Structures are given as structure tokens and as C-alpha cells.
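In: dropping the sequence and predicted coords here.
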Amino acid sequence: MGKLILVSNRLPMNLKKEPKGYEFTPSIGGLATALAHYHKEGKSIWVGWPGITTQECSKEDIKDIMKGLTERRCRGVFLSSQDIEDYYEGFSNKTIWPLFHYFINHASMEESDWIAYKRVNEKFASEILKVAKKGDTIWIHDYHLFLLPRMLRKKIPELSIGFFLHIPFPSSEVFRTLPWRNEILQGIMGADLIGFHTYDYVLHFISSVRRLLGYENSLGYIHAGARTVKVRAFPISIDFDHYSKAPASKEVLKEKQQILKRVENRKIIMSIDRMDYTKGIPQRIRAYGRFLEKYPEYHEKVTLINVASPSRIHVDTYQDLKLEVEQLVGEVNGKFTRLGWVPIWYIFQNIPENQLLALYSASDVALITPLRDGMNLTAKEYIASRSDHHGVLVLSELAGAAKELGECLHVNPHNIEDIADAIFQALEMPGEKQVRSNRIMRERIRKYDVDRWASDFVSELQRIKEIQTVKGYSKMDKTITDKLLKDYVHGDRRLFLLDYDGTLIKFKGTPDEAVPDPELRSVLRSLIEKKGNELVIVSGRDKDTLERWFGDMDLNIIAEHGVWFKPRKGKWSMIEQLEDSWKEKIRPVLESYVIKTPGAFVEEKGHSLAWHYRKADQNQAQAQISEMKETLHNMISNLNVGILNGNRVIEIKNIGVNKGRAVRKWTEGRDWDFILAVGDDWTDEDMFEVLLEKGYSIRVGYTDSRARFNLKNVDEVRDLIRRIVGVEDAG
Ligand code: GDG
């Protein structure tokens with residue numbers, strides 16, 4: 001492996017100009033915390049904005065900063081104040097951030113911000129390209145850099161590129177409101193591996209890609225033209241050891257004693273977040289007020305310590321939020337405060353880490369209730385720092401962390417009553433129950449800590465690259481095509497095994513419309529007229545249709561994936577004797593899914609039933625297919641039939657019948673100088689398997705296949721056949 005280049009909007013440090021030069025201090029934040037550890041240990045370079053604009057420093061300063069960055073294995077992308085205003089505060093934080101957290105009304109859609117976003121992504125690309133080489137691995141982070149994977153891929157196609165999104169990926173219904181949605185998806189799709197915190201976000205992304213770009217997916221792989229991209233959930237974690245051990249340090253213990261003394265041994269509820277509208281701070285304060293109203297027995301017995309660290313303070317929405325929070329805190333405190341007891345301690349500051357850790361270990365309850373949150377590391381930190389296994393975590397079900405921390409108390413962060421009751425339940429929870437739940441969650445966080453998260457991502461990225469290079473797609477380039485034509489010309493006995501739909505003809509709205517056009521008939525005719533050529537149409541279609549279309553031509557036909565066969569100038573006969581009574585049971589099930597999926601329809605063939613969904617909404621169809629297959633699998637267990645995934649069709653047919661078996665009669669025991677087999681879907685894979693390395697097997701479309709080569713589409717297949725016909729004429 002070459003070197004690893006980490007890329008994020010901000011470098012993991014803050015700069016301060018001192019008389020002696022710039023001082024570098026590590027910065028706070030989920031990503032900084034997660035990767036700082038990895039960067040410290042590994043041999044990586046980190047590329048990002050150093051946090052200071054070009055207006056704020058002279059050329060000398062920049063040199064000084066660059067030197068300091070190089071010592072820390074970092075490279076700075078220097079941005080102007082205009083870049084920061086439009087790309088960072090603008091497009092990233094006023095468009096993407098609210099939209100991806102489902103705050104559609106807060107999302108601004110300024111063209112000028114988008115232009116700046118593209119410009120700054122380009123700046124990142126050019127800085128990275130100064131150090132990146134073939135064989136390097138680039139790991140890009142977060143929503144500020146959606147366009148970067150594609151930009152880098154265009155310049156160095158061989159790079160191994162990973163992209164990780166730290167915020168939620170919204171439902172495609174929300175995502176598609178973004179005017180620049182396709183460019184953003186294309187940008188991300190430049191990566192080889194795309195990671196999200198949860199499986200829900202993975203599904204949302206896959207669904208957007210399918211709907212907007214039309215790329216199909218299977219088992220977490222998206223087939224994007226010539227490339228396959230892996231999409232997977234990698235739930236980010238924390239440095240478990242640090243959070244587990246640090247609370248026992250002298251400094252933290254001292255802080256803890258001070259906190260306990262100041263709250264006069266009352267119960268403590270703590271919460272800490274950036275002051276952001278996604279964090280649900282107003283709802284939480286209201287819920288705490290409701291709790292005090294509903295459970296007066298807790299008056300003077302509990303204190304909420306609410307820490308909100310300042311964030312994006314220049315943005316109007318954030319100023320409004322701060323005012324709202326302060327007003328609500330004032331209302332609750334005004335209503336319930338007694339001499340010697342203030343119910344909420346509100347801290348609008350960044351607190352030092354020792355204080356944070358002391359707060360974690362002194363608190364009886366951690367109240368973490370974001371309205372949406374990609375993951376939320378605070379929740380994990382709270383559990384990890386409690387080596388005594390005490391304390392109750394009340395967590396929003398809309399935080400990514402809720403998927404992993406199933407044993408804590410979950411709340412709907414919009415439901416004030418629900419949160420108020422959860423606070424009561426948490427304060428009342430018996431110690432043994434706390435220990436039981438926390439033990440399980442701590443163990444889970446310990447096993448999958450931040451190092452594991454990072455190494456898991458990087459090794460998956462390497463694995464994808466290996467799959468791509470070993471199995472890869474082998475395009476029919478000029479050299480291979482020339483060799484094929486040469487082999488054809490030198491052969492005397494030549495076999496062609498050609499699938500029909502999706503191979504020789506494009507898909508049409510209904511199967512009946514896909515009639516062979518005169519051009520196709522003419523080229524096939526030329527092919528079979530050549531001495532030594534044997535053509536077999538190997539199709540899944542019923543025999544009557546194939547007879548109508550090709551009955552007059554001097555060729556062989558295999559119908560229904562190998563149930564029926566007609567030799568040249570001969571008659572139809574059954575290759576396999578089949579029993580079809582199962583159809584009566586299966587047809588009603590397929591019909592019931594036609595009702596649920598507008599556009600889908602059932603086709604009855606001689607010995608199979610096909611459920612077509614090419615005209616249906618692909619998303620809706622996919623949603624029905626898994627349920628339908630589940631039902632079918634249960635029904636067919638003692639029938640001699642199987643379920644086949646075709647290209648936008650699910651086919652149920654007798655087991656043992658397949659194209660591979662049908663073509664064996666042609667390929668085994670007969671001596672061919674040249675074989676060409678072409679097909680476009682999974683049913684053709686059986687045929688490719690029989691051929692193995694014999695002749696030229698070609699899968700239409702760029703997808704994993706047993707075929708030796710790939711062609712892009714029907715046009716390319718026809719072009720190849722035309723060239724084969726032409727080469728002999730020319731020769
Ligand atoms: C994104 C996603 C996702 C906060 N205030 C103080 C302080 N912190 C520390 C916490 C924690 C971190 O900052 C915040 O973590 P979050 O998980 O809330 O992350 P975000 O920075 O909002 O960023 C989020 C994350 O990326 C990782 O993928 O989980 O969903 O939005 O470590 O402890 N630390 C100190 N004083 C503070 O006042 N010392």
C-alpha cells in the first residue's frame with residue numbers, strides 16, 4: 001500500500017499567533033478526536049484548512065504555518081475569507097447541514113454558495129494532487145467535500161478513495177429537493193468505498209443513487225458504469241481506553257469532588273452539546289421544566305448542568321437559538337428556583353476536558369436528546385467513562401448512536417412528556433439495572449473502539465481495491481477485439497451463443513415490443529451465411545415468440561432458459577420433461593404483488609412464471625421484492641422449482657433447467673476453433689460457467705461476472721457482430 005492521505009475540511013488543530021510564531025493546539029470535535037489518535041499512530045498525511053484565512057496572515061505567516069504543519073505531517077489548504085463565507089458558512093452549513101438533518105426550512109439554496117463550494121473542492125483536489133500518487137489511499141471526510149472523490153478519480157483513476165459521511169444521509173425524498181443533487185451524488189460516487197454511521201443512512205444513499213442516477217445495486221455494491229462502489233455502515237466510536245481510565249486521574253477526581261460539593265450532593269443530570277438547532281436543546285429544557293412540574297418530589301433534589309459550547313455564532317439562526325435557549329432556561333429557573341437551589345446550571349462555554357470527564361463521572365443521568373445526529377459521541381463517552389457501571393443514559397432515538405446503545409433509555413426528542421417521564425425513570429432506576437445495561441454497552445464500545453473503526457474502514461478499502469483488480473471488469477479494448485477478430489478469421493468451426501433481450505436488443509416497455517428489427521435480422525443472417533458458423537439463440541423467452549421471430553432463419557434456438565430446443569431446420573422438442581402444476585400455487589402470489597406494485601406484471605411461459613418490474617418505480621419494486629421472495633421461498637421448499645433474478649424480472653422455474661445445461665450439448669465433446677457467448681443477466685452466468693476459459697464470453701454491462709470480458713451495452717454487441725461479419729468480407 002502507498003501512503004494514506006486523510007482529508008477533512010479542518011485540520012485537527014487551532015492556530016494562535018504568538019510573538020515567537022504560531023502556536024498549534026489540538027482541536028475539539030468528533031472527527032478531530034476520532035482521527036487524531038489514528039494520525040498520531042500511523043504514517044499518514046492530513047490535508048485540510050488550517051483555520052485561518054489568507055486575509056488574516058501575511059506571506060511570511062503562511063510559510064511559518066506551512067512549516068509547523070509539515071512537522072505535524074499536515075498540509076494546509078489556504079482559503080480566503082470569501083471562500084469561508086460562501087463554501088463553509090454558506091453551502092456546507094447553511095445548505096447541506098440543515099437539509100441532511102431534516103431542517104428543510106433552514107436550508108438556503110444560493111447558487112453563489114454552490115459555485116464557491118465547487119471552487120474550494122477544486123482547491124482541495126489540487127493540494128492533494130501535489131502529494132498523491134498511483135497506489136496511494138485517500139480517505140475523505142464529511143459533507144464539505146462531496147465533490148472531491150470524483151475530482152481526484154478523474155486525475156488519477158488508480159487511486160484508492162474512501163469517503164465517510166459523519167452526518168446523517170437523509171431520505172431520498174428530502175435529498176432530491178437539493179438543486180445540485182446529481183452533481184453531489186456523482187461526486188461521492190468517485191470513491192471506491194462510501195461509509196456511513198448506520199445502515200439506515202446506507203439505504204437512503206443507495207435509494208437516492210438508484211432514483212437519481214439509475215445505478216442498480218446488489219449486496220451493498222453499486223454498479224456505476226465501469227466501476228463497482230461499495231457502500232457500508234461503519235459506526236464511528238471513541239478512544240475507549242482514554243475515557244475508561246482518565247476519570248481515575250487525580251485532576252479529574254479533584255474536579256469531580258468540586259462539582260459534588262457545589263451541587264451539595266444533589267442528583268446531577270448532565271448534557272453537553274454544541275449550541276446547534278439539531279441538538280434539541282430547547283425541547284430538552286422544556287422537558288426538564290415539565291419533569292419538575294410533574295414530579296415535585298424532585299424539587300431541590302436534582303440539578304441539570306447543561307453545557308452548550310459556542311458554535312457558528314455569526315450565523316443568524318444560531319444567534320436566535322441561543323436567545324431561545326437562554327429565555328427558556330430563565331423561565332424554568334424563574335419558576336422553580338428556591339433559596340439555595342437553582343434547577344438549571346447553564347454554561348455557554350467550551351469546558352476543559354478534565355471538567356467534562358468529571359461531569360461524566362459525577363452525573364446520575366446523561367440527557368442526550370438531539371433531534372437528529374449522525375452518531376453522537378458524547379453518549380458513547382459517557383458510558384465508556386463510567387467504569388463503575390453506574391449512571392443512566394437517556395438518548396434520542398434519532399441519534400445514530402441509538403442503534404448501538406440499545407440498552408439505554410430511548411426517547412423521541414420531540415415528545416416533551418416522553419422525555420420528562422424518562423428523566424424520572426432514569427433517576428429511579430435501581431443500581432443493579434444500571435450496572436446490567438451499562439456493562440453490555442461498555443463492552444460493545446470497548447470491542448469496537450475508534451481504532452477499530454478506522455482500521456476497519458481502511459482495510460475494507462484495500463479489500464475493495466483487491467476485488468476490483470482481481471475480479472475487475474475486463475473491457476473489450478482494441479487489443480482484445482483485434483485478437484478476437486483474428487481468432488475468428490483463423491477458425492473453421494465457429495460457435496455463437498447469443499442471448500436475446502438486453503444483448504441483441506434493448507429493453508422495451510413490454511416484452512412483446514422487443515421485436516427483432518430489420519438491421520438485426522440482416523446482421524444475424526450475414527453471420528449464419530458464413531461457412532463454419534453455428535448460431536444458437538439462448539433465450540429465456542417462450543418458444544412460440546422465438547419461433548415467430550426467428551423460425552424462418554437458419555439458426556438454432558434454446559427457449560425458456562433451456563426447457564425447449566429447436567435445431568436448424570428441425571422441430572421443437574423438450575430438453576427436460578417438466579411438471580408444471582406448481583404454477584397454480586405460485587401465480588396468485590405473484591398477482592398479489594402486481595397489485596401492490598403499479599407497473600409490474602406477470603408473464604406466463606411454458607414452464608415458468610415471470611414477474612416483470614421494468615415499468616414499475618424501481619424503489620417501490622425493490623421494497624416488494626424481498627418480501628415477495630421471502631413468501632415464495634416458504635412456498636417452494638418442497639416443489640421442484642427455484643427463483644431466478646433476471647434483469648428487472650424475477651422468474652420462478654423448474655430447478656435444474658438453466659442455460660448452462662442447455663449449451664453443454666454444444667460445448668462438450670465438440671471441437672470448436674472459435675466460441676463467442678454473450679449475455680446480459682444472471683441467467684447467462686450459467687452459460688459462462690460452462691465455458692470457463694474457452695472462447696470469448698462477454699457480459700453486457702459492467703458488473704461482476706464469470707464472463708471473461710465486458711461490453712457496455714447492446715449497441716456495442718451489435719457493433720462487434722457487425723465487425724465479425726465485416727472482417728471476413730474484408731479479408
Ligand atoms: C459530527 C456529527 C458524529 C463538545 N463540547 C465540549 C467537548 N465536546 C466534545 C465531546 C465529543 C465531541 O466534542 C462532540 O461529538 P459529536 O459526536 O457530538 O460530534 P460533532 O462534532 O457534532 O460532529 C456527529 C461526529 O461527527 C463523529 O462522526 O457523532 O453526529 O454531527 O467528543 O466530548 N469537549 C470538551 N469541552 C466541551 O465543551 N472538552
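Out: Nice, thanks for sending it over. Numbers count the residues shown, from 1 in each chain.
In: contact residues of the chain facing the ligand?
Out: 28-31, 33, 166-167, 236, 272, 274, 307, 309, 350-351, 353, 356, 373-378, 381 (Cβ under 6 Å from any ligand atom). Yep, even glycine has a C-beta here, placed from its N, CA and C like the rest.
In: list only buried entries from those.
Out: When the residues of the chain next to the ligand are checked for burial by 16 or more other Cβ atoms under 10 Å, the buried set is 29-31, 33, 166-167, 236, 272, 274, 307, 309, 351, 356, 373-378, 381.
In: inside strands: which ones of the residues you listed?
Out: Among those, the members found in strands (DSSP state E) are 272, 274, 307, 309.
In: turn the residues you listed into JSON lines, columns for pLDDT and distance to residue 180.
Out: Shown next, in JSON lines, are these (pLDDT from 0 to 100; distance: Cβ to Cβ, whole Å):
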{"residue": "272", "pLDDT": "97", "distance to residue 180": "34"}
{"residue": "274", "pLDDT": "93", "distance to residue 180": "26"}
{"residue": "307", "pLDDT": "98", "distance to residue 180": "36"}
{"residue": "309", "pLDDT": "93", "distance to residue 180": "31"}
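In: in this protein, which helix or strand is least confident?
Out: None of the helices or strands of the chain scores lower by mean pLDDT, DSSP states H and E than strand 217-218, at a mean of 66.
In: give me the next element, helix or strand, following it.
Out: Proceeding N to C from strand 217-218, the next assigned helix or strand is strand 221-224, under DSSP states H and E.
In: list the buried ones in the next helix or strand after that next one?
Out: Next helix or strand after strand 221-224 toward the C-terminus (DSSP H and E): strand 227-233. Using 16+ other Cβ under 10 Å as the test for burial, strand 227-233 gives 227, 228, 229, 230, 231, 232, 233.
In: surely the fifth one is in contact with residue 191?
Out: Meaning residue 231. No. Residue 231 is beyond contact range of residue 191, at 9.4 Å (criterion: Cβ atoms under 8 Å).
In: which helix or which strand is home to whatever residue of the stretch 601-731 of the chain ends up closest to the ligand?
Out: In the stretch 601-731 of the chain, the residue that lies nearest the ligand is residue 619 (26.4 Å; Cβ to the nearest ligand atom). Element membership of residue 619 [criterion: DSSP H and E] is helix 618-636.
In: now tell me what touches the next helix or strand after that helix from outside.
Out: The helix or strand immediately downstream of helix 618-636 is strand 641-646, counting by DSSP H and E. Applying Cβ atoms under 8 Å, 6 or more residues apart in numbering, the contact partners of strand 641-646 are 540, 561, 582, 586, 610, 629, 632-633, 636, 650-655, 681-683.
In: now do strand 641-646 against helix 618-636, angle only.
Out: Angle of strand 641-646 versus helix 618-636, following axes from the mean of the first three to the mean of the last three Cα atoms, to 10 degrees, is 160 degrees.
In: now strand 641-646: how far from the chain's centre is it?
Out: 27 Å (Cα atoms, centre = their mean, to the nearest Å).
In: looking at the ones in strands among the buried ones among the residues of the chain next to the ligand, which two lie furthest apart in space?
Out: The largest separation in those, counting by Cβ to Cβ, is between 274 and 307 at 10.0 Å.
In: now the strands for the stretch 251-400 of the chain?
Out: Secondary structure of the stretch 251-400 of the chain (DSSP state E, counting those that start in this stretch): strands located at 267-274, 302-309, 344-347, 365-368, 392-396.
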